[in-house]
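Enquirer: After the sequence you'll find the predicted model.
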Amino acid sequence: MTQVILPFLTAIALSVIAAFYSVIGLAQIFPGSFWPIILMGAVLEGSKLVTVSWLYNNWNVTNRLMRYYFSVAIILLMMITSMGIFGYLSKAHLDSNITIGANSVQLKTLETQEKIAKDRLTYLLQRAGDPATASRKIDNQIQETRAELKRIANEKLPLMAEENKLTAEIGPIKYIAEAFFSKDDPSFIDKAVRFVIFIIIVVFDPLAILLLIASQQTLRNMRTVEEVQPNKKKVKKPKTLDKAGGPSLESFFEDDSVEHIPKDKIAKIDGDIK
């Protein structure tokens, strides 16, 4: 019975998770009708499981047209689920990219300001070192520029820490991307993410459907075996007494010297004995 219950529960768990990803992903694809899409996706996911179960158990007695339609509908529903899962996982990746992108933009802006401030400080130091151009105004400008560089450095520290944190978060997918794609391609991480998502889609919803069918097939085989070979009750053998009994009480009083005549050899005597 474990071979029936375990695949069935696994199929339901996979279906529920796939339905959650799919419904949220479809709602993100069509954000204008969030709750109607949620309701539609949930009903479609439930209908898919019911259709698979019914079609498997009634395949031989189902009209051919209904059989073909149900099969096509199941395939299309699996494709819809896969698109929803793709949308959900893609949205998660894009959200992380937005955070990384915003942080990178701020860092680049500060680095540009830092470079300008350093060039200005170099120019001011050169003028301050020249007696012909040295003045108190230049000294004040040097102090202001150094203060600006200090401010930029303080603003860069938390952004650099966040950049390192975000880089560590995308480290695994970055290693996968480097294993399959060239680092010279600017979109090699996005390609790796799509590759991983496609692999997940291939084994997510189809595996749930096949596990559901497998559990019902195992249950049907078990019922067939029970019908062909019903349980036989064990018949208890009656206890038999030992026919070879021990010596009787009379045997202790018999004289072995007296000849005994069997009963069947005793002749019937008519008349009186003289």
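Expert: Structure's in. What do you need? Everything numeric in this text was worked out from a predicted model, so none of it was measured.
Enquirer: Only C-alpha atoms from now on, for both contacts and neighbour counts.
Expert: OK.
Enquirer: Can you tell me the element residue 82 falls in?
Expert: Using DSSP states H and E, residue 82 maps to helix 64-129.
Enquirer: Which elements pack onto whichever helix or strand residue 20 is part of?
Expert: For residue 20, the host element (DSSP H and E) is helix 2-29. The contact analysis (3 or more C-alpha pairs under 8 Å, 6 or more residues apart in numbering; DSSP states H and E) places helix 2-29 against helix 34-57, helix 64-129, helix 188-228.
Enquirer: Just give the closest residue to residue 74, not the sequence neighbours.
Expert: residue 48 (6.1 Å; C-alpha to C-alpha, 6 or more residues apart in numbering).
Enquirer: Quick check, that neighbour in contact with residue 77.
Expert: Yes: with contacts counted by C-alpha atoms under 8 Å, residue 48 reaches residue 77, the gap being 6.7 Å.
Enquirer: sec struct for residue 184, please.
Expert: Here residue 184 is coil, with the state taken from DSSP: H, G, I helix; E, B strand; the rest coil.
Enquirer: and it, how many neighbours?
Expert: If you count neighbours by other C-alpha atoms under 10 Å, residue 184 ends up with 8.
Enquirer: Can you spell out which helices and strands pack onto the lowest-mean-pLDDT helix or strand in the chain?
Expert: Every helix and strand in the chain was compared by mean pLDDT, DSSP states H and E; the lowest is helix 171-180, with a mean of 79. For helix 171-180, the packing partners by 3+ C-alpha pairs under 8 Å, 6+ apart come out as helix 188-228.
Enquirer: so how far is the helix it packs on off the chain centroid?
Expert: For helix 188-228, the separation from the chain centroid amounts to 10 Å (computed by C-alpha atoms, centre = their mean, to the nearest Å).
Enquirer: what do you get for stretch 112-124?
Expert: Mean C-alpha position of stretch 112-124 versus that of the full chain (C-alpha atoms, centre = their mean) differs by 54 Å.
Enquirer: Show residues contacting it.
Expert: Applying C-alpha atoms under 8 Å, 6 or more residues apart in numbering, the contact partners of stretch 112-124 are 138, 139, 141, 142, 145, 146, 148, 149, 152.
Enquirer: Would you convert those into JSON lines that also reports distance to residue 44 and pLDDT?
Expert: Converted to JSON lines, those look like this (distance: C-alpha to C-alpha, whole Å; pLDDT from 0 to 100):
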{"residue": "138", "distance to residue 44": "74", "pLDDT": "86"}
{"residue": "139", "distance to residue 44": "74", "pLDDT": "87"}
{"residue": "141", "distance to residue 44": "69", "pLDDT": "90"}
{"residue": "142", "distance to residue 44": "69", "pLDDT": "89"}
{"residue": "145", "distance to residue 44": "64", "pLDDT": "91"}
{"residue": "146", "distance to residue 44": "64", "pLDDT": "92"}
{"residue": "148", "distance to residue 44": "60", "pLDDT": "92"}
{"residue": "149", "distance to residue 44": "59", "pLDDT": "92"}
{"residue": "152", "distance to residue 44": "54", "pLDDT": "91"}
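Enquirer: Redo the residues you listed as JSON lines? Include neighbour count and secondary structure.
Expert: Formatted as JSON lines, the contacts of stretch 112-124 follow (neighbours: other C-alpha atoms under 10 Å; DSSP: H, G, I helix; E, B strand; the rest coil):
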{"residue": "138", "neighbour count": "16", "secondary structure": "helix"}
{"residue": "139", "neighbour count": "15", "secondary structure": "helix"}
{"residue": "141", "neighbour count": "15", "secondary structure": "helix"}
{"residue": "142", "neighbour count": "20", "secondary structure": "helix"}
{"residue": "145", "neighbour count": "21", "secondary structure": "helix"}
{"residue": "146", "neighbour count": "16", "secondary structure": "helix"}
{"residue": "148", "neighbour count": "16", "secondary structure": "helix"}
{"residue": "149", "neighbour count": "20", "secondary structure": "helix"}
{"residue": "152", "neighbour count": "17", "secondary structure": "helix"}
